[in-house]
Structures are given as C-alpha cells and as structure tokens.
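> Sequence and computational prediction follow.
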Amino acid sequence: MYKFLFFIIYCLLSFIGCEKQISSNRSEQGVKIFKNVYSTPLRGNRLTVSDSLGIPSDIEHINITENSDAFAIITDITIVPPLHFVNLTDDKYITGIGREGRGPGEFLNPHTLFSFSKDSILVLDPNNNRLTKVILTNENHLKHLHNAEPEIINLKFHGLPLNAFPLKNDTYVATGLIRDKDNKFISILNSNGTEKELTGTPPEISQEVPVNKKQVARKSTSTSNNKGDKFAVGFSFTDIIQIYNYKGEVLETIKGPIQSELNFNKNKSGNFTLSDDNISAYIDLASTSNYLYALYSGKKIYSSNSNFGNLIFIFDWKGNLIKSFELDRQIFSITVDKQDSVLYGIDPSSLEPGIYQYNLSF
C-alpha cells in the first residue's frame, strides 16, 4: 500500500515539475528566457512518397483550397528535378518542377520556399539571386516552367540571401550573409527586389572581429506569419530568436535553452574562427498565424550532425514558450499545416531519408 502511495506521489511531483519546466518563461531586461525545458517525445511516420525524391532539403506545406488535401513543395539537392510537388494527404507524388540553369523557370540552388498564396509558392535561389513565383494550379505552367515565363524578382542588395519572403505594404525581407559595416543583417526590399533599408539588431560580437567573420557568425533562418505583419529570425550559432514587425523593428527577443554567446579564437596570424565551445542553435523556423516553430540542435558546431536537430520549440508571436517536443530522429527542415496539427520534417541523410509526419497535440 505504501509503495503504491509513494508511486502516486512520485508521478504527481514529476508531472508538476514538468509543467513548471514547460512554463519556464521569464523576462530579463526585455528578453524572454527559457531553460530546463521538458520535451514531450514524438514519433514520426515516414511517407512512402519519400522514395520518389532524390536528396530532399527544404519543405513547404500548402493548402490550395480551404478544404483541400495537404500538399507540399520540396527542394532537391540533386537538382534532378530542382523541385518536387507532392500530395501529403494521399502520400503521392504529383510532378517534378523546373530544371537546372540560369534562365526563367530554371534553378541552380533552390534554397528556401515560401507559400505565397493558396495557389502559388515563392522559391529562393541564392545562386541566381532571385525569387521565382510558381503557380501550382496550372499543370502546363508546372511541366514547362522554363517556357512559362514565371514571375521573377531579382534581388539587388549586397549579400547572399538565405531566406526571403513578402511582408505587408508590398515589401519583402531578406536575411542571410549581408555584409554591412553597421552590423545590420536584415534587408527590407521593395516589390521589385531593390534594397529599401538595412535593419536588425544582431548578437554582440567584439569590435576586433572582421566584418566578413561577423556575417558568417550571424547566419540565421527566418519565417513570417501569414499576415505578413511579423517575422522571426533564429540565429544559427547562438540560441537567440528575435521577433520583428514588418518595419524591421524588434518586438521580442527570446533566449534559450542554453543561452550561449558567440566566441572567437584568434590565431598567430591574426585570423579569427568560431571557437569549439560554440553551438549549432536554430536550424530552421516555420510558422502559422498562431505559432512560431523552431527546430533546434544544441550540438557543438564542429561535432557530427551539428546542422541537424530533433528539438521543436513552439512559441506564440509574443515570444512565450508554449510547448517543446523531442522528435525520434535528427531532421534538417520543418513545415507545419495551418491548423497547427501536423508537423512535417525532412531527413536527408539517414538510412531512410525523406519526409516524416508528426501529429501534434498541445
């Protein structure tokens, strides 16, 4: 009897402790901090359509109509083809999109995707330095994209874009490797792709570190909510997420779970490198109108698989931690359906690479 009572008390205390960890948001000088977070284990299901892919890298969920099946566009590292269009609900392959090259409808390195509207998607190709709009409801457009004259936005700013997407007021935001003496790392663009202004408040780095090293250290991933009035930036080498409004003004800063700082080593020749104690932090961000989803690594930057993660932190757009999940595998990119009920992750490198589906409950 006593053993049973002890077991019940232990379970209750464990549950209370976990709940306390989940709600471990606290503010410190305007920064929301979380740590010691309990992560709920989550098992995924590999979709069989994965067998039709080459080496997938990025994924973007799409609902073409309000009550339609769930679809997705997936980028492919092999560029054969550059993009895949799949039905997630039926677990079926629809078609490949585009081909390798520099012409219209061609891609050299399709890097990130953004669901532009219910029937189209924006594809960022950093090597061509442009955004291409792909209409998904036009079969001829998809099969012969190089002849379809898709809408293209050439990006004109000093840097290498790694994420780009539209905001409200007919503007775009681009984040990536932006070289600027004033340490700005976000470019607000006009509708034609020309730079409107540089903004952003990056993590502090010593003044003696050269600008080219700073831009690499401030590498980030980003996403925006469906309204385009807010966007978020998660840093790759320090566990900080910032939430901005469409004007590029910081609304919230989130630190956690390790609260790491950027550290550099200086060799005898005077060259700077990121030191071994730095971590690989936020790998990818995804979002809906309600929540921000962050894929987190936490591994040392020079360890194996440091650019993969299996922790998912979910925040509201005020920067409050809502839930944390621990996935059953290391993944590289994520997307979420608009109902916040299913997360899809890309595993490009294991013995069973492909798309993995995770059912969410929180």
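The structure has been received and is ready for your questions. Numbers count the residues shown, from 1 in each chain.
> For the longest strand along the chain, name the packing helices and strands.
Longest strand in the chain by number of residues (criterion: DSSP state E): strand 321-331. Judged by 3 or more Cβ pairs under 8 Å, 6 or more residues apart in numbering; DSSP states H and E, strand 321-331 is in contact with helix 2-22, strand 40-42, strand 309-316, strand 342-347, strand 354-359. The way it works is simple: take the backbone N, C-alpha and C, and place the C-beta from them, glycine included.
> low-scoring stretches of the protein, by residue?
The model of the chain has pLDDT under 70 over residues 1-29, 179-181.
> now the helices: where do they sit in it?
Using DSSP state H, the helices found in the chain span residues 2-22, 139-143, 211-217.
> residues of stretch 326-343 that come out buried?
Of the residues in stretch 326-343, 327, 330-338, 340, 342-343 count as buried by neighbour count, 16 or more other Cβ atoms under 10 Å.
> Likewise for stretch 281-291?
Residues of stretch 281-291 classed as buried by neighbour count (16+ other Cβ under 10 Å): 281-288, 291.
> which one of these sits closest to Thr175?
Nearest to Thr175 among those is Leu285, at 10.4 Å by Cβ to Cβ.
> Can you name the residues bridging to the closest one?
Bridge pairing for Leu285 (DSSP bridges) gives the partners Ala294.
> So it sits against Phe231, correct?
No. Using Cβ atoms under 8 Å, Leu285 is not in contact with Phe231; the gap is 9.3 Å.
> so what sits against both of these two?
Common neighbours of Leu285 and Phe231, using Cβ atoms under 8 Å, 6 or more residues apart in numbering, are 222-223.
> Distance check, Ser57 against Gly345.
Ser57 is 12 Å from Gly345, where distance means Cβ to Cβ, to the nearest Å.
> repeat for Leu321
Leu321 is 20 Å from Gly345, where distance means Cβ to Cβ.
> More neighbours: the two, which one.
Legend: neighbour count by other Cβ atoms under 10 Å for Leu321 and Gly345, higher for Gly345 (25 against 22).
> what's the residue nearest to Pro110 when sequence neighbours are not counted in contact with, if anything?
Of all residues not flanking Pro110 in the chain, Thr75 sits nearest, at 4.4 Å (Cβ to Cβ, 6 or more residues apart in numbering). With contact set as Cβ under 8 Å, 6+ apart, Thr75 has these partners: 56-59, 82-83, 110-113, 123.
> now with 7 Å?
By Cβ atoms under 7 Å, 6 or more residues apart in numbering, the residues touching Thr75 are 57-58, 82-83, 110-111, 113.
> and of the residues you listed, the nearest to Asn163?
His111 (8.1 Å).
> In strands, which of the contacts of Thr75 fall?
57-58, 83, 113.
> farthest-separated two in these?
Every pair in the ones in strands among the contacts of Thr75 was compared (Cβ to Cβ); the two farthest apart turn out to be Ser57 and Leu83, at 10.8 Å.
> more neighbours, these two?
A direct count of neighbours by other Cβ under 10 Å for Ser57 and Leu83 places Leu83 higher, at 24 against 20.
> Beta-bridge partners for the more buried one, please?
Going by DSSP bridges, Leu83 forms beta bridges with Thr75, Ile97.
> List the residues that contact it.
73-76, 96-98, 110, 123.
> With distance to Tyr302 as extra columns, can I get these in JSON lines?
Below are these laid out as JSON lines (distance: Cβ to Cβ, whole Å):
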{"residue": "Ile73", "distance to Tyr302": "33"}
{"residue": "Ile74", "distance to Tyr302": "29"}
{"residue": "Thr75", "distance to Tyr302": "26"}
{"residue": "Asp76", "distance to Tyr302": "28"}
{"residue": "Gly96", "distance to Tyr302": "36"}
{"residue": "Ile97", "distance to Tyr302": "36"}
{"residue": "Gly98", "distance to Tyr302": "35"}
{"residue": "Pro110", "distance to Tyr302": "28"}
{"residue": "Val123", "distance to Tyr302": "31"}
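> Tell me how many other residues crowd Glu60.
Per other Cβ under 10 Å, the neighbour tally for Glu60 reads 21.
> List the contacts of it.
72-73, 113-115, 121, 335.
> next one: Arg130
By Cβ under 7 Å, 6+ apart, the residues touching Arg130 are 152-155.
> Which of the residues you listed are buried? Put it as a ChimeraX command.
Applying 16+ other Cβ under 10 Å to the contacts of Arg130 leaves a buried subset, and the ChimeraX line that selects it is:
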select :153,155
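> Closest one of the contacts of Arg130 to His144?
Ile152 (15.9 Å).
> Just to check, the closest one is in contact with Thr132?
Yes. Using Cβ atoms under 7 Å, Ile152 is in contact with Thr132, at 5.5 Å.
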